[in-house]
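Peer 1: Here is a sequence together with a model predicted from it:
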Amino acid sequence: MNLTLYVWRQKNADDKGRMEKYEARDINHHMSFLEMLDVVNEGLIQQGTEPIAFDHDCREGICGTCSLMINGRAHGPEMATTVCQLHMRHFKDGDTIYIEPWRARAFPVLKDLVVDRSAFDRIMQAGGFVSINAGGAPDANALPIAKKDADTAMDAAACIGCGACVASCKNASAMLFVAAKVSQFASLPQGHAERKQRVEKMVAQMDREGFGNCTNYYECEAACPKEISVKFIAMMNREYLMATVTR
Amino acid sequence: MTTSQSSVSFTTASVGKKVLMAITGILLIGFLIVHLIGNLQLFVGQEQLNKYAETLQSLGALKWGFRLFMLILAVVHVWKGVVLWLENQRARPVGYRREDTIQASLSSRTMIYTGLLILAFVVYHLLHFTVIATNPEYAQLKDSMGRMDVYSMVITGFSNYFIAAVYLIAMFLLAYHLSHAAESFFQTMGWANEKYLPKLKFLSNVFAIIIFLGYASMPIAVLLNYVTLPGGGF
Amino acid sequence: MKLDAKVPSGPLADKWDKHRFEMKLVNPANKRKFSAIVVGSGLAGAAGAASLAELGYNVSCFCYQDSPRRAHSIAAQGGINASKNYQNDGDSTWRLFYDTVKGGDFRSREANVYRLAQVANNIIDQCVAQGVPFAREYGGLLANRSFGGAQVSRTFYARGQTGQQLLLGAYSSLSRQIGQGQVKMYPRTEMLDLVVVDGRARGIVVRDMVTGKISSHAADAVVLATGGYGNVFYLATYAKGCNGTAAYRSYKKGAAFANPCFTQIHPTCIPVSGEYQSKLTLMSESLRNDGRIWVPKNRDDNRAAGDIPENERDYYLERKYPSFGNLAPRDISSRSAKEVVDDGRGVGETGVGVYLDFADAIKRLGKDVIEERYGNLFQMYERITGEDPYTVPMRIYPASHYTMGGLWVDYNLESTIPGLFVAGEANFSDHGANRLGASALMQGLADGYFVVPYTLGDHFVRAGVSDVTTDHPEFKKVEQEVQERMKKLLSINGKRSPDTFHRALGKIMWEYCGMGRNEAGLKKALQEIPALREEFWQDLKVMGTNEELNQQLELAGRVADFLEIGEVMCYDALTRAESCGAHFREEFQTEEGEALRNDKDFCYVSAWEYQGDGKEPALHKEPLVFENVELSTRSYK
């Protein structure tokens, strides 16, 4: 199939950037979206045009590196799918596709479709951990954890930190990401000792990074490739309230 | 982080602001319910409504205390709402060329607009029926017992097609605002989960419709001549 | 070059305890005077950096990804082994040790493997304490599953994403140390060379992948945790960014490269669909617990899977290995798949694949149970192939997945360059000629949490604080060399992109140094690779400059090194004239087609020493002594 692409090109963080039009020819419907871009890039190199820079790594939907806004949707039209797992069979011959980077003040564009998501790391550094050192942990089975709680923690922990929640949120809010982390630890007894400081510190860092506020659109949940539920945002709100009320 | 610092930051922290929006919002919703029940006495008749109005007016300091409280609620709700909106605008300085929406409802995305229009309406409504500034002639209306004839004032007001239309549109916007607001309250306070959330969304819509029908019933009843002025004339 | 494994004396079970007692300790007040560089932030790197920082050392950690949370350890699905014996099925440290040595076809160092088995239990405790949400039973205790190469259930798992959860655990510890300022993290930064002064590793030269800035970092020790070089095959289950550059540059600076030809081919990957394919996706081997592997009995049987009656199906693993059946170790399982495909009985459009069928399991356990166990894997399969594995059998085929080979290290995980330590997949130490499932996560975390923190301390005390700073002329020299290399890559201005060379190399490697190898093929590869390398340096095209985010330039540098790594692999494969584990030399097999090991001549670790560009590297041998297990023919029948 043949496609028309409009792709965001930006030389570096200081460049203003613009959309450029490219033609993608003879695309096989079994290709992944990124393989389609590989083919386009190979063509650009042959023409002497600089290839399109985009982030990607594992290409199996788990590392959370790939991050493209495709026709206005984070990770493209398929639900519960990262771009690297999106296949061209979901497009038709002659389609026009807009490809843009994640947009948020906290995620500045570095080049073309590559953005800086280190804000997420800084939120984690503020409190996204259990403060224990290597060695000295009690036997793993010393503390039984109800399957239900372990499952809830796992549901939250499935977050791959790709930033689709921020990209798709009309407010560029990072609540789903932060909530997933807070909820994972809040659901497990191991995380209880620090739960109050954790939620306060992580929310404070999130705010400092310049993310928007949550206004309960729930768009993040629909865009999340790992289908993290907005119930975790409610859970984090509760954690935060409890932490402030009982301080 | 010291305690004093973080307690100050609650009202400016993202989650704190949301909680303030939610709590002031739910109290305003409480007022809407009480106000509706009071106003629906229009359908009982002139005597009942005017008596009710006079009772409220006679509360004195309590009345002013209540008004002040409502004013604070409204100011905090509007102020935090505008701040949230401005911050959210700033959080994405460069927008998308192509933007799509999967499940964010239109009502959730238009809260700031419906909210500000409702604010404008509230100002008008206060000037219209409370301060009686837009239509000073209402002040002349007295019932047989010499009380302020609120009953006639309402019917006179809604007999004007233009005014009735303004009220109906405003009530629609209010209901639209509420359809997202009521459900949002539970999410923000952390009382929602995946089991309750769909039900809360549904109940939130039902509640918004009830509020709309309740308030809209009055201008509509006047327009349809279901309730009329005592003696049938002005 | 002298290879001293420094294995402590005494009984196997006491070696690690004894060694820990004998190692020198750094006084707590002095720890802040020592610094370590950790390259890589996967399980071994993140765990190592965090643990060293917890002890009080100053740590700098580097990764090429945009965040340390993304290293490819994240992609491991199935689980992590430990001999907790929670299932009461007869597991023990000894059994885990024995299974690992046997699974590695007796080409690993006993003492290292035993230590691995010993600390494995601590890993599970550590991860649970970090908040890793392992699967649990209704009683609240940890759940286990069985895995290839073992007859006990010792594998701990977190849905289908154990690797991600363990990595996030290590990353959370690392984040804590970064937040406290004890670790300085450098994401989007690639190590391009090692700096050795007076025979001791003193630091590294890196490139900032956003600005292109080349800079030096000095420390008292360097830990490489940079993963494997399996992307030499181009099509592999590795992340696209995985590369052998850091390890290979260190090899060129004097670190021996051990067992380079021991590369594992994973049996359960989604088959290739076309020429454009950029990578292969692995599906957890745990699928083999309930899935049955088969092909049609007759060649060129084009019927749909469902139309082939039971008696015309060949469940070849169950037939050949009745006691292990579909759970036979990876190398055996992969090779058997290749055999039936070569025999013309492969399935799917391309004929390169075998069925992995869940029909019986769904009948026996119900769809819900299968969905609970493998839901996300089934979903992933459907997303990639467009087929529903609940109704149509999956198609699978082997793919390059792990490298048992890596930089040679002694018992302390120190390479032949003093002060250069190597952890995780980047070293060669624990898996011999074949790694068992769910053991990679175990080894990465064991090295990071429980080995490197001890052995580095000993090194610090013995070597003392390094007085070499980045102002030393050697740093300037290496920086200059790296600059020159970038310039050279950019100035060739030929016609072909780095990717085309990488694909071409991958084809040569898969053909001649893949699942089956023979002398003629390897010799051919040893001619083709230098020719391709020649062409690379003549006809490469890299656009843009060094002073910017330049993904083509990054790739070109990595491909240049793969073009040399491939050659070392072939030398090693050619020299090792036996079949063992994943290394299958077609000339050396039994009448039934099983690997024919030669313990008399090849019971050693081959360690290759760089001799200069274009020269054949020198082979050194570390003899393997088995005092505790008897060398036997590996049998899974």
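Peer 2: Nice, I can see it.
Peer 1: After the helix or strand of chain B with the lowest mean pLDDT, which helix or strand is next? Please name it.
Peer 2: For chain B, the helix or strand with the lowest mean confidence is helix B:3-9, at a mean of 47 (criterion: mean pLDDT, DSSP states H and E). Using DSSP states H and E, the helix or strand that follows helix B:3-9 towards the C-terminus is helix B:14-39.
Peer 1: in that following helix, what counts as buried?
Peer 2: B:14-28, B:32, B:39 (16 or more other CB atoms under 10 Å in any protein chain shown). Just so you know, the C-beta spots here come from the backbone N, C-alpha and C atoms, and that holds for glycine as well.
Peer 1: Doesn't residue C:195 lie inside a strand?
Peer 2: Yes. Secondary structure of residue C:195 (DSSP: H, G, I helix; E, B strand; the rest coil): part of a strand.
Peer 1: Please, where are all the helices along the stretch 301-450 of chain C?
Peer 2: Taking DSSP state H, counting those that start in this stretch as the test, the helices found in the stretch 301-450 of chain C are C:316-320, C:330-342, C:359-365, C:367-385, C:440-445.
Peer 1: Over to chain B?
Peer 2: B:3-9, B:14-39, B:46-57, B:61-90, B:106-109, B:111-125, B:150-159, B:161-188, B:196-223 (DSSP state H).
Peer 1: Okay, domains of chain A per the record?
Peer 2: Annotated domains of chain A cover A:3-110, A:118-245 [automatic domain parsing].
Peer 1: If we ignore the residues flanking it in sequence, what's nearest the one residue in the stretch 401-550 of chain C that gets nearest to chain B?
Peer 2: For the stretch 401-550 of chain C and chain B, the shortest gap (CB to the nearest CB) falls at residue C:549, measuring 18.4 Å. Closest residue to residue C:549 apart from its sequence neighbours, by CB to CB, 6 or more residues apart in numbering or on different chains: residue A:111 at 4.3 Å.
Peer 1: That neighbour: what's it in contact with?
Peer 2: Going by CB atoms under 8 Å, 6 or more residues apart in numbering or on different chains, residue A:111 touches A:10-13, A:53, C:210, C:548-549.
Peer 1: Filter these down to just the buried residues.
Peer 2: Among these, those classed as buried by 16+ other CB under 10 Å are A:10, A:53, C:210, C:548-549.
Peer 1: Among those, give me the pair with the biggest separation.
Peer 2: Comparing every pair within the buried ones among the contacts of residue A:111 by CB to CB identifies A:10 and C:210 as the most remote, at 13.1 Å.
Peer 1: can you give me the helices in chain A?
Peer 2: Under the criterion DSSP H, chain A carries helices at the ranges A:33-47, A:118-127, A:147-157, A:164-168, A:175-186, A:195-208, A:219-223, A:231-245.
Peer 1: Whether the third one contacts chain B - can you check?
Peer 2: No. Contact check for helix A:147-157 against chain B, using CB under 8 Å from any CB of the partner chain: none in range, with a minimum separation of 9.6 Å.
Peer 1: Would you mind listing the buried residues in that helix?
Peer 2: A:147, A:149-157.
Peer 1: Nearest residue to the one residue in chain A that gets nearest to chain C in space, please, no chain neighbours.
Peer 2: Among the residues of chain A, residue A:144 lies nearest to chain C; the distance is 2.8 Å by CB to the nearest CB. In space, and not counting its chain neighbours, residue A:144 is closest to residue C:140: 2.8 Å by CB to CB, 6+ apart.
Peer 1: cool, residue C:378 as well?
Peer 2: Spatially, and ignoring its direct neighbours in sequence, residue C:378 is nearest to residue C:389 (4.9 Å; CB to CB, 6+ apart).
Peer 1: so who does that neighbour touch?
Peer 2: Counting by CB under 8 Å, 6+ apart, residue C:389 has contacts C:358, C:378, C:381-382.
Peer 1: can you tell me which of the contacts of residue A:111 are in strands?
Peer 2: Taking DSSP state E, every one of the contacts of residue A:111 sits outside strands.
Peer 1: so can I have TSV of the residues you listed showing pLDDT?
Peer 2: TSV is the format used below for those (pLDDT from 0 to 100):
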residue	pLDDT
A:10	98
A:11	97
A:12	96
A:13	96
A:53	98
C:210	98
C:548	97
C:549	98
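Peer 1: Looking at those residues, which one is closest to chain B?
Peer 2: Closest to chain B, out of all of these and judged by CB to the nearest CB, is residue A:10, at 9.9 Å.
Peer 1: Brilliant, that's me finished.
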